[in-house]
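Colleague: everything below, folded, please.
(chains A, B, C and D)
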2 protein chains.
Amino acid sequence: MRVRIGRRAAAVSKTLSPIETLCAERGLHLGKKRRILIRLLEEMDDHPCADEVYARAIAVDSRIGIATVYRTLALFEEEGILVRRDFGDKRARYEVARKPPHHHMIDVENGRIIEFEDDQIHALLERIAARGGYRLIGTRLELFVAPADSRAAPGTSPSDAPKPFD
Amino acid sequence: MRVRIGRRAAAVSKTLSPIETLCAERGLHLGKKRRILIRLLEEMDDHPCADEVYARAIAVDSRIGIATVYRTLALFEEEGILVRRDFGDKRARYEVARKPPHHHMIDVENGRIIEFEDDQIHALLERIAARGGYRLIGTRLELFVAPADSRAAPGTSPSDAPKPFD
DNA sequence: ATACGTGCAAATTGTTTGCGTATGG
DNA sequence: CCATACGCAAACAATTTGCACGTAT
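Modeller: Numbers count the residues shown, from 1 in each chain, chains lettered A, B, ... in the order given. Model (predicted):
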């Protein structure tokens, strides 16, 4: 008898994209619509809300339903494939999960979102959690900022809800 | 003629509570229902959502409408009297604004909320904003934590949405 | 074959608004 | 008096769900 290589489950050949691979590993079916959504998600470099993902999706296949978008986003969030963000407007915004956690600065003047990463912060936050006898599971950190030049002194109101978003 | 003291606007006598005073200073009327809400807000030591404030309110005067609660919370938030928080469940939660900004740890095992304050963090965040040519307007910082003993390794998913809330 | 994926429309949920009346300053 | 506060019900917006039918594995 011949020896087959890659016999173990791991061997998911074909050409699966990163997220498709994750889906395969978790036994999730790869329906046509889901594939389209996955491609969109992998291509995006911003933080779209469900409506926006939906808009981009119907541009590819007009028969995709908004429910599928919501269901897929929720599923991928549970699976840790996507991260849900909340930038102050009502809608939930998403981005692909990346290993080193990063945070966001929201320019309240124009709604622009700037991503940033900082080890010091994480070390500090971990220490704070530990200090209280806790283990840090997740962090949500958003800075609401304005160009260093303009009225209004610094305050503590994150909920000044900027209008435009990326 | 006699000299009257406290002639200037400042002289709001009677016995006004802190928030009532702020309202008076800003020319806001103090309706009966609003007074009740103010008292509740000043007594609370947790982070209730509109529904919960409403529940407590009708316990005092059953004729208060939910719309009044929403309108009052929104008004006080705009006035900087209240701060709106978002702990992962849908509803907006509120607490009385305090000077030194503080943040929250959400125990994902039982939903308990622990407040904390830390100067280092603020200094660091301010530096990060400045580094990008920005001025820090507001911060939103929440730590999702779990008792230092229990499965599940630390991750980056803040949106694991714990069920219970204070 | 069978469980999973998906569309459509209806249902929920949290929050906002229009309007007529009541009331504080 | 006159602006503001308020109740009620209808309006809204984001998201969820039930059901019937396709499709991947």
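Colleague: got the domain boundaries for chain A?
Modeller: Listed by the TED database, the domain ranges of chain A are A:16-99, A:100-150.
Colleague: lowest-confidence stretch among these?
Modeller: Ranked by mean pLDDT, the domains of chain A end with domain A:100-150 at the bottom, a mean of 93.
Colleague: so is that one next to DNA strand D?
Modeller: No. For domain A:100-150, no contact with DNA strand D is found by Cβ under 7 Å from any atom of the strand; the gap never falls below 14.6 Å. (Each C-beta comes from the backbone N, C-alpha and C, glycine too.)
Colleague: show me which residues of stretch A:137-144 are buried.
Modeller: Neighbour counts over stretch A:137-144 (16 or more other Cβ atoms under 10 Å in any protein chain shown) mark A:137-144 as buried.
Colleague: widest-spaced pair of these?
Modeller: A:137 and A:144 (24.0 Å; Cβ to Cβ).
Colleague: spatially central, which residue of chain A would that be?
Modeller: Taking Cα atoms, centre = their mean, the centroid of chain A lies closest to residue A:95, which sits 2.2 Å from it.
Colleague: please name the nearest non-neighbouring residue to residue A:107.
Modeller: Distances taken as Cβ to Cβ, 6 or more residues apart in numbering or on different chains put residue A:145 closest to residue A:107, at 5.9 Å, once the chain neighbours are dropped.
Colleague: which parts of chain A sit against DNA strand C?
Modeller: When proximity is defined as Cβ under 7 Å from any atom of the strand, chain A approaches DNA strand C at A:27-29, A:31-35, A:61, A:63-68, A:71-72.
Colleague: and the nearest residue to residue A:118 once chain neighbours are set aside, how many neighbours?
Modeller: Nearest residue to residue A:118, sequence neighbours excluded (Cβ to Cβ, 6+ apart): residue B:128, at 6.1 Å. Residues lying near residue B:128 (other Cβ atoms under 10 Å in any protein chain shown) number 21.
Colleague: could I get the contacting residues of residue B:128?
Modeller: A:105, A:116, A:118, A:121, A:143 (Cβ atoms under 8 Å, 6 or more residues apart in numbering or on different chains).
Colleague: before we move on, the earlier item: among the residues of chain A next to DNA strand C, which are in helices?
Modeller: Counted as lying in helices by DSSP state H, out of these, are A:32-35, A:66-68, A:71-72.
Colleague: now the angle from the strand or helix carrying the residue nearest to residue A:107 to strand B:134-147?
Modeller: Here residue A:145 sits within strand A:134-147, counting by DSSP states H and E. Orientation of strand A:134-147 against strand B:134-147 (axes from the mean of the first three to the mean of the last three Cα atoms, to 10 degrees) gives an angle of 170 degrees.
Colleague: could you name the helices and strands sitting against strand A:134-147?
Modeller: Secondary-structure packing of strand A:134-147 (3 or more Cβ pairs under 8 Å, 6 or more residues apart in numbering or on different chains; DSSP states H and E): strand A:103-107, helix A:119-131, helix B:119-131, strand B:134-147.
Colleague: what about 10 Å?
Modeller: With contacts defined as 3 or more Cβ pairs under 10 Å, 6 or more residues apart in numbering or on different chains; DSSP states H and E, strand A:134-147 has these neighbours: strand A:82-85, strand A:103-107, strand A:113-116, helix A:119-131, strand B:103-107, helix B:119-131, strand B:134-147.
Colleague: count the neighbours of the spatially closest residue to residue A:72 that is not a sequence neighbour for me.
Modeller: With Cβ to Cβ, 6+ apart as the criterion, residue A:72 has its nearest non-adjacent residue at 5.1 Å, and that residue is residue A:37. Using other Cβ under 10 Å, the number of residues around residue A:37 comes to 25.
Colleague: got it, and the one 3 residues further on?
Modeller: The burial count assigned to residue A:40 is 18, neighbours taken as other Cβ under 10 Å.
Colleague: what's the helix or strand for it?
Modeller: Remark: residue A:40 resides in helix A:32-43, with elements defined by DSSP H and E.
Colleague: pull out the buried residues from that helix.
Modeller: Residues of helix A:32-43 classed as buried by neighbour count (16+ other Cβ under 10 Å): A:33-41.
Colleague: I am finished for the moment; much appreciated.
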